[in-house]
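1. Got a predicted model here, sequence first, then my questions.
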Amino acid sequence: MCGIVGYIGKRKAYPILIKGLHRLEYRGYDSAGVALINPEGQLNIYKAKGKVAELETYAADKDTDGCIGIAHTRWATHGEPNTVNAHPHYSESERLAIIHNGIIENYAVLKAGLQKEGYTFRSDTDTEVLVQLIEYTQVNRHVDLKTAVQLALQQVVGAYAIAVLDKDNPDTLLAARKGSPLVVGIGDDEYFLASDATPIVEYTDKVIYIEDEEVVVLRSEGVKELRSEGVKELRSEGVEELRSEGGKEGRSEGVEITTINNVQKTPEIKRLELSLSQLEKGGYPHFMLKEIFEQPRTLTDSMRGRVNVRQDNIALSGFIDNKERFLNAKRIIITACGTSWHAGLIAMYAIEEFAQIPVEVEYSSEFRYRKPVINKDDVVIAISQSGETADTLAAIQLAKEKGAFIFSICNVVGASIPRVSDSGCYTHVGPEIGVASTKAFTAQVVALTMLALCIGKEKGTMSKEQYLGIVRELGQIPDKIERVLGQNKRIADFAKTFTYAQNFIYLGRGYNFPVAMEGALKLKEISYIHAEGYPAAEMKHGPIALVSQEMPVVVVAPHCGTYEKVVSNIQEIKARKGRVIAVVTEGDQLVSRIADYTIEIPATEECLTPLLTVIPLQLLAYHIAVVKGCDVDQPRNLAKSVTVE
Ligand code: F6R
């Protein structure tokens with residue numbers, strides 16, 4: 001949550017920062033702000049409530065000169081989303097400016113101490129406390145900025161990724177992290193700083209991932225030179241030339257990393273595997289629609305090198321290297337949040353069916369705060385698209401302390417969760433930019449299904465025929481999703497009928513009960529229509545009271561195990577005049593006759609039906625939200641990466 005961007009080098013910082021903020025807007029969009037040191041040495045801060053576009057309008061006639069700057073897009077935690085609480089924040093003397101992602105838990109105590117010393121506060125944020133503390137430390141301990149930041153951070157309880165500008169050090173950009181992500185991009189005597197690599201990718205593919213409790217100081221000679229020469233506008237092609245000059249690979253003289261206790265660290269430069277085209281809409285009106293339509297390809301990518309249909313085999317290196325841990329596991333605990341938790345629920349059905357290991361699926365936020373019994377022979381599977389979800393990270397930490405083996409399923413390469421796990425599997429679907437998760441979900445289900453099959457085969461708890469049947473069918477899934485996507489136009493048409501609704505119920509059974517919950521989550525988060533996902537048979541125990549002519553009920557009813565029971569549930573809804581939208585298997589006769597609308601999916605193995613049934617539900621939510629005029633990619637109050645607890 002909250003996006004951080006920084007730049008120091010030879011170019012004008014402002015356009016780079018604004019572009020970076022647009023890329024990071026998915027992390028929060030309550031307010032945005034920028035701080036720049038201009039060639040005259042003035043530290044200017046501009047902020048605006050709302051999205052980055054509001055900031056651009058506000059700053060249009062301001063002095064945005066300078067080749068060093070920091071910028072922030074906020075998801076509010078402390079203090080309402082207004083201009084005063086927007087980042088960057090000045091220190092008391094207005095010599096320092098800070099941006100921050102995270103929460104300073106002991107900010108009230110620190111603030112009271114600073115107020116006693118005569119410091120005044122303009123905002124309600126925890127962030128302002130931090131910049132004041134840094135300045136106070138620097139002034140009273142007579143230390144340089146780096147030391148002041150180190151000493152201040154030693155007093156902080158909580159999570160942070162920060163970037164600090166000091167107008168008395170205009171060729172230095174300073175940053176630090178604990179619990180919130182931070183990446184440094186290495187150019188040629190220019191450096192980029194960001195919460196993730198998306199604002200960096202078009203300038204360089206060399207990055208350093210900052211670790212917890214590290215402080216990084218970035219210095220550019222270019223800033224000094226240009227201060228005397230005046231700032232030049234360089235085009236990106238210029239960067240390409242600079243990069244291909246040779247001999248510069250791995251160079252990072254301007255980067256100094258220490259811990260907050262001043263232990264020197266050697267910067268480790270990694271190569272970025274991300275392309276610019278992955279960050280663009282590619283002709284689609286929204287990222288969400290692009291990502292829904294990408295699923296045949298993303299699932300092919302997820303399975304590449306793992307599912308070998310010709311040899312009827314699945315090879316998952318994270319499993320192969322740690323086979324014994326899985327085979328000896330008495331229990332598997334799955335921990336995740338939101339959509340990733342729904343993928344975990346589907347995995348529970350698959351792992352118990354194929355590997356016959358008891359599975360518990362836990363919301364990370366609950367798991368970490370009760371006193372869970374975790375044994376050394378438990379395997380904990382953490383699922384996270386972003387790899388940065390604070391509660392899931394904390395749940396992993398807890399399980400690690402108890403000696404459990406941690407296997408993570410993650411999309412963002414190099415994120416915190418895979419780095420603290422013992423092993424894992426990347427989903428490789430590319431950046432997911434729409435705040436509502438779509439392609440990450442189906443890839444998580446595929447990864448977890450592959451894992452369940454690997455364990456089941458190795459343990460001998462599933463028949464060879466069943467294993468082979470599912471492996472072959474996995475290979476067919478991308479084409480079958482393509483067929484479901486072919487119904488997009490029809491779904492868009494009937495979606496218009498349902499924009500009046502205040503409430504929706506989604507029903508499903510077995511493998512498709514979590515799909516019902518996922519469909520309901522998609523609808524509520526992007527269209528703001530209240531929706532609940534229920535196991536179909538539970539309807540009689542309460543929710544049926546809600547059914548009326550006004551109530552749309554989405555029933556996920558593919559032709560598998562409990563099909564007849566679900567048909568009875570649909571009859572019960574129709575008897576009460578409910579309006580039914582049903583997802584059925586191609587050729588279905590029964591449900592098609594009684595439902596108001598049906599969407600067909602191709603037949604497949606029962607455990608793989610969620611990969612097909614979820615697609616119409618993603619499309620239905622998308623089209624309803626579009627017709628209602630909602631901001632599909634950036635729904636209100638949400639953020640893509642939940643780095644606060
Ligand atoms: C819903 C959604 C969220 C995330 C949840 C976990 O569409 O995107 O519910 O699934 O915040 O995020 P990750 O998977 O990044 O840990």
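-> Perfect, I can see it now. Numbers count the residues shown, from 1 in each chain.
2. And the pLDDT for the closest residue to residue 377 other than its chain neighbours?
-> Among residues not flanking residue 377 along the chain, residue 330 sits closest, at 5.3 Å (CB to CB, 6 or more residues apart in numbering). Every C-beta, even on glycine, is put in place using the N, C-alpha and C of the backbone. The per-residue pLDDT reported for residue 330 equals 93.
3. Ok, residue 517 next?
-> With respect to pLDDT, residue 517 has a value of 98.
4. follow-up on the earlier one: what residues does the residue nearest to residue 377 make contact with?
-> 357, 358, 375, 377, 378 (CB atoms under 8 Å, 6 or more residues apart in numbering).
5. Spatially nearest residue to the last one, not counting backbone neighbours?
-> The shortest distance from residue 378 to any residue other than its chain neighbours is 4.4 Å, reached at residue 404 (CB to CB, 6+ apart).
6. hang on, that neighbour packs against residue 381?
-> No - assessed by CB atoms under 8 Å, residue 404 is found out of contact with residue 381, at 10.2 Å.
7. Just give me the residues shared between the contact sets of those two.
-> Joint contacts of residue 404 and residue 381 (CB under 8 Å, 6+ apart) are residue 333.
8. returning to that earlier point: now, which of the contacts of residue 330 lie within strands?
-> residue 378 (DSSP state E).
9. In JSON lines, list the contacts of residue 330 along with neighbour count, distance to residue 418 and pLDDT.
-> As requested, these are exported to JSON lines (neighbours: other CB atoms under 10 Å; distance: CB to CB, whole Å; pLDDT from 0 to 100):
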{"residue": "357", "neighbour count": "20", "distance to residue 418": "23", "pLDDT": "97"}
{"residue": "358", "neighbour count": "13", "distance to residue 418": "25", "pLDDT": "97"}
{"residue": "375", "neighbour count": "12", "distance to residue 418": "23", "pLDDT": "93"}
{"residue": "377", "neighbour count": "12", "distance to residue 418": "22", "pLDDT": "93"}
{"residue": "378", "neighbour count": "21", "distance to residue 418": "19", "pLDDT": "96"}
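10. Tell me the secondary structure at residue 524.
-> helix (DSSP: H, G, I helix; E, B strand; the rest coil).
11. How about the residues of this structure by the ligand?
-> Contacts of the chain with the ligand, taken as CB under 6 Å from any ligand atom, map to 337-340, 384-386, 389, 392, 436-437, 521, 525, 642.
12. Now with 5 Å, please.
-> Residues of the chain lying close to the ligand by CB under 5 Å from any ligand atom are 337, 338, 339, 340, 384, 385, 386, 389, 436, 437, 642.
13. Please list only the buried members of those residues.
-> 337, 338, 339, 340, 384, 385, 386, 389, 436, 437, 642 (16 or more other CB atoms under 10 Å).
14. and of the residues you listed, the nearest to the ligand?
-> Nearest to the ligand among those, counting by CB to the nearest ligand atom, is residue 338 at 1.9 Å.
15. I'd guessed the closest one sits against residue 440; true?
-> No - the criterion here is CB under 8 Å, and residue 338 misses it with residue 440 at 10.5 Å.
16. Run through the stretch 201-350 of the chain and note the low-pLDDT ranges.
-> 222-252 (pLDDT under 70).
17. how does it look with 80?
-> Within the stretch 201-350 of the chain, the ranges that satisfy pLDDT under 80 run 221-253, 273-277, 309-311.
18. and if you look at the stretch 401-550 of the chain?
-> Checking the stretch 401-550 of the chain against pLDDT under 80 turns up nothing.
19. make it 90
-> Applying pLDDT under 90 to the stretch 401-550 of the chain flags residues 412-416, 430-431, 499-500, 537, 539-540, 542-550.
20. how about the strands in it?
-> Taking DSSP state E, counting those that start in this stretch as the criterion, the stretch 401-550 of the chain carries its strands at 405-410, 423-426, 503-508, 530-535.
21. Of the buried ones among the residues of the chain next to the ligand, just say which sits nearest to residue 174.
-> Nearest to residue 174 among these, counting by CB to CB, is residue 386 at 25.3 Å.
22. quick one, what contacts that closest one?
-> With CB under 8 Å, 6+ apart, residue 386 has these contacts: 410, 411, 412, 415, 640, 641, 642.
23. if we can go back for a sec, neighbours of the residue nearest to residue 378, just the number please.
-> Residues contacting residue 404 under the criterion other CB atoms under 10 Å number 23.
24. residue contacts, it?
-> For residue 404, the contact set (CB under 8 Å, 6+ apart) comprises 333, 374, 375, 376, 378, 379, 380.
25. My assumption is that the first one lies in a strand; please confirm.
-> Which is residue 333. Yes - according to three-state DSSP, residue 333 belongs to a strand.
26. And for residue 429, nearest residue in space, chain neighbours not counted?
-> Excluding the flanking residues, the one nearest residue 429 by CB to CB, 6+ apart is residue 298, at 3.9 Å.
27. Please save the CA atoms from the helix or strand harbouring that neighbour in PDB.
-> Assignment of secondary structure by DSSP states H and E places residue 298 within helix 295-303. Presented in PDB, the C-alpha positions along helix 295-303 are these (Å, rounded to 0.1, in the frame of the first residue of the first chain):
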ATOM      1  CA  GLN A 295      -5.600 -16.100 -19.000                       C
ATOM      2  CA  PRO A 296      -5.100 -18.700 -21.700                       C
ATOM      3  CA  ARG A 297      -1.600 -17.400 -22.200                       C
ATOM      4  CA  THR A 298      -0.700 -16.800 -18.600                       C
ATOM      5  CA  LEU A 299      -1.800 -20.300 -17.600                       C
ATOM      6  CA  THR A 300       0.300 -21.700 -20.500                       C
ATOM      7  CA  ASP A 301       3.200 -19.700 -19.100                       C
ATOM      8  CA  SER A 302       2.500 -21.000 -15.600                       C
ATOM      9  CA  MET A 303       2.600 -24.600 -16.800                       C
END
